[in-house]
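Trainee: after the sequence you'll find the predicted model.
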Amino acid sequence: MRGREDEWTGLMRSAMAGDDAAYHRLLKAVTPVLRAAARRGLARAGQPPDQAEDIVQEILLAVHLKRHTWDSEAPFAPWLFAIARNKLIDALRRRGRRVFVNIDDFAETLPGEAPQETASAGEVAAQLNTLPQRQRDVLQSIAVESASIKDTATKFSMSEGAVRVALHRGLAALTAKLRDH
Amino acid sequence: MDTDQLIRSLAADNAHRAPRVGTMLTTALLVAAPLSILIFATFLGVRPDVMTAMRNPFFDMKFAVTLSLAIPAIIVSLHLSRPEALMRGWAWLLLLPVGLLAVAIGSEAMMAPAMPMTMRLVGKNSRVCLIAIPAMSLPLLAGALFGLRHGAPARPALAGAFAGLVSAGLAATLYASHCTDDSPLFVATWYTLAAAFVAAVGALAGSKVLRY
C-alpha cells in the first residue's frame, strides 16, 4: 500500500513538471481504487453500484481541475482521497441519502479487486451534449477518437492554442454542469 | 464517454497551469480594495485629530488588533482551501486578536479612567461601527470568496467564514482610522459584533459558492 502511494506521489510530481504520460499513468492507476471505493459507498447507502462510474468520472474531473491545490511536498494519496470523499458524499447526497462515508473506503483496496476494464457513464456523456459546439467537437476528437491536439487543430482548422483553450474550457464547463445539475 | 476516454482528455490538458490560490486571493482582494476605500473616503474619512491620536497607544492598538485578525485569517483561509486540510492546529491563530485585546483592556483598567466605563464601552460611534465595517467588508468579502473559489475547500462554510474574517479585519483597519472611540472595551464589543456578522454572511455565502 505504502509503495503504491509513493509511486502515485512520484507520478504526480512528474505530471506537474509537465510529463503528460506520467499523468495519464497516474489517472489510470488511481481509477480502479476510486471505482472500488465508489461501489462500496453506494452499497453502504443502499444504492445500485451501476452509478459508480459517474462518481469516478466526477472525481477525476475534480482532481484534474484542482490539482494546483496539491502541495508537491505532500503525499498524493491523502489529497486524492479527500477529493474523492467529498465528491462521493456530494453524489450520494444528491441522490437523497443520508451518508456516512468511511475514510477507509479509500485507504484500502482489496487485493482481489483486479483493475477492471474501462466502463462508461451516462452523466458526463449527457452533459457533453450541452456544451458549445466547438468545445464538444474538440473533446470528442481528443477523448473519443483519441486524436492528438495537433491533429485536432488540423481537423477543425484551429490553432493548437485554440484547441487547448477549448479543451480546458470544455472540461471546466463539464465539471460545473455536473456539480450544479 | 467511457472513463479511459475521459482520462485521455484530462492528460491532453495537463499542460494547462492554473495560478495558485494565494495568487488569486491576493489579486481579488487588491481589485476589491479600491471599492472599500471609496466607501471609506465618501462616507467616513480619517478622523480630523489623527496626528494627536497617533500619540495615544490605544489608537495604535486598534490597528494591531484588526491586522492580527486579518492576516491570520488570510493564512487560515488559504490553508482551508486545500481539500485535505483540517482546522486542527490552526485555530489558535484566532487567539491573537483576542489576546491583544485582553492585554489592552487590562492595561486600560490599570490607568486612571478618563471616562466612566459605560461611556468607554458604548462610545459615540457604536451604530456607525456596526454599519461601516460590514459595508466596507462587502466588496472585500466578494473578492475573498472569488479568490477562494479557485481552491477546493473541504468545508465551504468554514472557509467562507474565514473569508468573512479576512474582509472584516481589513475593513475594520480602515474604520479604525475614522473612529474616535479608542477604548479597547469599545473595540472588543462593537468591532467583534461587526466581524461576527460578516463572518456569518461569509459562511452562508461560502456554503453556496465554495463547493467544488
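Mentor: Here it is on my side, so go on.

Trainee: pLDDT wise, what is the residue nearest the centre of chain A at?
Mentor: Centroid-nearest residue in chain A, with CA atoms, centre = their mean: A:L60, separated by 1.1 Å. We have a pLDDT of 97 for A:L60.

Trainee: give the buried residues for stretch A:174-181.
Mentor: In terms of neighbour count (16 or more other CB atoms under 10 Å in any protein chain shown), stretch A:174-181 has its buried residues at A:174-175, A:177-178. To be clear about C-beta, it is placed using only N, CA and C from the backbone, and glycine gets the same treatment.

Trainee: same check on stretch A:137-156?
Mentor: Of the residues in stretch A:137-156, those buried (16+ other CB under 10 Å) are A:137-144, A:147, A:149, A:152-153.

Trainee: any idea how far apart the tips of that stretch sit?
Mentor: With CA to CA, to the nearest Å as the measure, stretch A:137-156 spans 9 Å from end to end.

Trainee: widest-spaced pair of the buried residues of stretch A:174-181?
Mentor: A:T175 and A:K177 (7.3 Å; CB to CB).

Trainee: how close does the residue nearest to A:D71 when sequence neighbours are not counted get to B:A142?
Mentor: Among residues not flanking A:D71 along the chain, B:R82 sits closest, at 7.2 Å (CB to CB, 6 or more residues apart in numbering or on different chains). Counting by CB to CB, to the nearest Å, the separation of B:R82 from B:A142 is 22 Å.

Trainee: same question for B:S77.
Mentor: 14 Å.

Trainee: now swap in B:N14 and tell me
Mentor: Relative to B:A142, B:N14 is positioned 32 Å away (criterion: CB to CB).

Trainee: got a list of what B:S36 touches?
Mentor: B:136-140, B:170-171, B:174 (CB atoms under 8 Å, 6 or more residues apart in numbering or on different chains).

Trainee: give me the spatial nearest neighbour of it, chain neighbours excluded.
Mentor: Spatial nearest neighbour of B:S36, excluding adjacent residues (CB to CB, 6+ apart): B:M136 at 4.4 Å.

Trainee: summarise which helices and strands the helix or strand bottoming out on mean pLDDT in chain B is packed against.
Mentor: Using mean pLDDT, DSSP states H and E, helix B:117-122 stands out as the lowest-scoring helix or strand of chain B, at a mean of 82. Applying 3 or more CB pairs under 8 Å, 6 or more residues apart in numbering or on different chains; DSSP states H and E, one finds that helix B:117-122 makes contact with helix B:184-186.

Trainee: which of the contacts of B:S36 has the most neighbours?
Mentor: Counting by other CB atoms under 10 Å in any protein chain shown, B:S137 has the largest number of neighbours within the contacts of B:S36, with 33 neighbours.

Trainee: phi first, then psi, for it.
Mentor: phi -70, psi -30 (degrees, to the nearest 10).

Trainee: B:D2 too?
Mentor: phi -90, psi 170.

Trainee: my guess is it contacts A:A121. True?
Mentor: Yes - using CB atoms under 8 Å, B:D2 is in contact with A:A121, at 7.5 Å.

Trainee: what's near enough to touch B:P97?
Mentor: Shown in contact with B:P97 (CB under 8 Å, 6+ apart): B:65-66, B:68-69, B:72.

Trainee: ChimeraX command to pick out the buried ones of the residues you listed?
Mentor: Applying 16+ other CB under 10 Å to the contacts of B:P97 leaves a buried subset, and the ChimeraX line that selects it is:
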select /B:65,66,68,69,72
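
Trainee: with pLDDT and distance to B:F197 added, can I get the contacts of B:P97 in CSV?
Mentor: Output for the contacts of B:P97, formatted as CSV (pLDDT from 0 to 100; distance: CB to CB, whole Å):
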residue, pLDDT, distance to B:F197
B:V65, 97, 17
B:T66, 97, 15
B:S68, 97, 19
B:L69, 97, 14
B:P72, 97, 19
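
Trainee: farthest-apart pair in the contacts of B:S36, please.
Mentor: Across these (CB to CB), the longest gap, 12.8 Å, separates B:L138 and B:L174.

Trainee: sorry, back to before: which parts of the least confident helix or strand of chain B are buried?
Mentor: For helix B:117-122, burial by neighbour count (16+ other CB under 10 Å) applies to B:120-122.

Trainee: now find how far off-centre it is within its chain.
Mentor: Centre-to-centre, helix B:117-122 and its host chain are 25 Å apart (CA atoms, centre = their mean, to the nearest Å).

Trainee: what strand or helix carries B:M136?
Mentor: Taking DSSP states H and E as the criterion, B:M136 maps to helix B:126-148.

Trainee: CA atoms only: put that helix into CSV for me.
Mentor: Written as CSV, here are the backbone C-alpha positions of helix B:126-148 (Å, rounded to 0.1, in the frame of the first residue of the first chain):
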residue,chain,number,x,y,z
SER,B,126,-21.3,52.1,18.0
ARG,B,127,-24.0,52.4,15.4
VAL,B,128,-21.7,53.8,12.7
CYS,B,129,-19.2,51.0,13.6
LEU,B,130,-21.9,48.3,13.1
ILE,B,131,-22.8,49.6,9.7
ALA,B,132,-19.5,50.8,8.4
ILE,B,133,-17.4,47.7,9.0
PRO,B,134,-19.9,45.3,7.3
ALA,B,135,-20.5,47.8,4.4
MET,B,136,-16.7,48.2,3.7
SER,B,137,-16.4,44.4,4.1
LEU,B,138,-18.8,43.5,1.3
PRO,B,139,-16.5,44.2,-1.7
LEU,B,140,-13.6,42.6,0.1
LEU,B,141,-15.7,39.6,1.0
ALA,B,142,-16.8,39.2,-2.6
GLY,B,143,-13.2,39.3,-3.6
ALA,B,144,-12.1,36.8,-1.0
LEU,B,145,-14.8,34.4,-2.0
PHE,B,146,-13.9,34.8,-5.6
GLY,B,147,-10.2,34.0,-4.9
LEU,B,148,-11.0,31.0,-2.7
